[in-house]
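> What follows is a predicted structure for the sequence shown.
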Amino acid sequence: MSYSLVMVIIFVLGYLCIALEHPLKIDKAASALLIGVLTWAVFILFGGVDVHEVVHSLDENLAETAQTLFFLFAAMTIVEIVDRHNGFKIITDRITATSKVKLLWILSFLTFFMSAVLDNLTTTIVILSLLRKLIKDQPTRWTYASIVVIAANAGGAWSPIGDVTTIMLWIGGQITAGKIITGIIAPSLISMIVPLVILSFTMKGEIERPEQGKAAESITTPGEQLALLILGVGLLLFVPVFKTITHLPPFMGMLLGLGIMWMVTELMHKKKSKELKQKLTVVHILKHVETPTIFFFLGILTAVGALGAAGQLGLLSEWLREVTGGNIYVIDSVIGVLSSIIDNVPLVAASMKMYAIGSAEFAVDGAFWQMLAYCAGTGGSILIIGSAAGVAAMGLEKIDFVWYLKHISWLALVGYLAGVAWIYVEKAVLGL
């Protein structure tokens, strides 16, 4: 058995463990780290290549991966700081609609734009916490939670900081912040609006709200909540501006934002009691940041780097080109559908390794890269397990996989294909 095949088998078996995380009761981060290390170990031991060349390839892969991980960790920490200070409560308290259809549209657009500024996973968690305060019965809440997943993924697809995949493409130089916003916001909106329009014809009546118990006393003042919400969102929005001004990688702008947030909160709470300080300081908040997610991405991106260095991704690239006749619209569409089965992070990482930045469709901000951002971002909505937002909704609301497949998957697919059609007409037919 060749080393190349062994690497692929390790990758596939690791992915099975990731997909079966709940039945196996093994965290996906553990499986990802194993396949990340084992694929490189097989390559260096049995690949028949110079050890120094493999180590050099690993160093290059680590440098690329570290930029994405530092960006994510800093962004997640900033969002967690705002959340721990009840900053998002300012937004959620202002939603008073009771009509099912009206509330559906309000929440969807709120999710869409919040996801672009924050990220789809964090936005989903924030909006789902709001749903529990707004909707009493579980079936209705499942429908809303599922549409939130579609809206969050759509919102993350057109923003350079809205989804891990767009962050990767932006940091990798395949897309620029301005072009991804102007080029993909329309199809992303369509992928969300089409399911909304369909549901608007079938959804009727008023929302039954749960009885509200006595609200817990807030440990932050309204002024502090507003200040940190504005500062946090402002710093996240400043990252693309910082990159444009300094030409430094995006993770540097995000680390700058985290440093500012850290310093501001230290000064804000320096006169408070020791008990409050322990709850609100960044040192304490860091303990609640989703660290396993960082390790999961580290393992996956490291494993994909091994497959790229060993040449398997190049072979996959040639196979895709042969099967599709080199049609970039078919290639991207297939990647989008696959991202509902396989996590979109390794798919995009693989695509970045398979297809080099070149000319025409493969130039920076070319049709291939823009459509890849859209397809990988929104295609994951087709199945509940196809995106981080979907997995979060499934865990928090206990949404049944089969229920989602029966009631929501076809809506997500119709919206996804509508967006694909828009991009095809715009790029291939009209040449815009």
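Thanks, I have it.
> could you measure Ser57 against Leu280, distance?
Look at Ser57 and Leu280: by C-beta to C-beta, to the nearest Å, they are 44 Å apart. Yep, even glycine has a C-beta here, placed from its N, CA and C like the rest.
> Kindly apply the preceding question to Thr302 instead.
35 Å.
> swap in Gly308?
43 Å.
> The two: which is more packed in?
Applying other C-beta atoms under 10 Å to Gly308 and Leu280 shows that Leu280 carries more neighbours, namely 21 against 18.
> how about the nearest residue to the more buried one, chain neighbours excluded?
His269 (5.3 Å; C-beta to C-beta, 6 or more residues apart in numbering).
> Would you mind confirming that Thr293 is in contact with Ala29?
Yes - taking C-beta atoms under 8 Å as the definition, Thr293 is a contact partner of Ala29 at 7.4 Å.
> With neighbour numbers in mind, choose between those two.
Comparing Thr293 with Ala29 by neighbour count (other C-beta under 10 Å), the higher total belongs to Ala29, at 21 against 18.
> Below-threshold pLDDT in this structure: ranges please.
For the chain, residues meeting the criterion pLDDT under 70 lie at 1, 211-218, 317, 342-343, 431-432.
> Point me to the residue sitting closest to the centre of it.
In the chain, the centroid-proximal residue (C-alpha atoms, centre = their mean) is Asp163; its distance is 3.4 Å.
> what's the spacing between that one and Gly308?
Counting by C-beta to C-beta - Asp163 and Gly308 are separated by 21 Å.
> same check, this time on Phe71
20 Å.
> List the buried residues for stretch 400-417?
Neighbour-count burial for stretch 400-417, counted by 16 or more other C-beta atoms under 10 Å, picks out Tyr404, Ile408, Ser409, Leu411, Ala412, Leu413, Gly415, Tyr416, Leu417.
> Count the residues that sit near Glu290.
Neighbours of Glu290 using other C-beta under 10 Å come to 18.
> For it, which non-adjacent residue is closest in space?
Closest to Glu290 by C-beta to C-beta, 6+ apart is Met76, at 6.3 Å.
> Tell me the helices and strands packed up against the strand or helix carrying that neighbour.
Here Met76 sits within helix 51-84, counting by DSSP states H and E. Under the contact definition 3 or more C-beta pairs under 8 Å, 6 or more residues apart in numbering; DSSP states H and E, helix 51-84 sits against helix 28-46, helix 120-134, helix 164-172, helix 222-246, helix 250-268, helix 282-285, helix 291-310.
> switch the cut-off to 7 Å
helix 28-46, helix 164-172, helix 222-246, helix 250-268, helix 282-285, helix 291-310 (3 or more C-beta pairs under 7 Å, 6 or more residues apart in numbering; DSSP states H and E).
> residues touching Glu161, list them.
That one is not Glu; residue 161 is Ile. Ala75, Asp119, Ile167, Leu236, Val239 (C-beta atoms under 7 Å, 6 or more residues apart in numbering).
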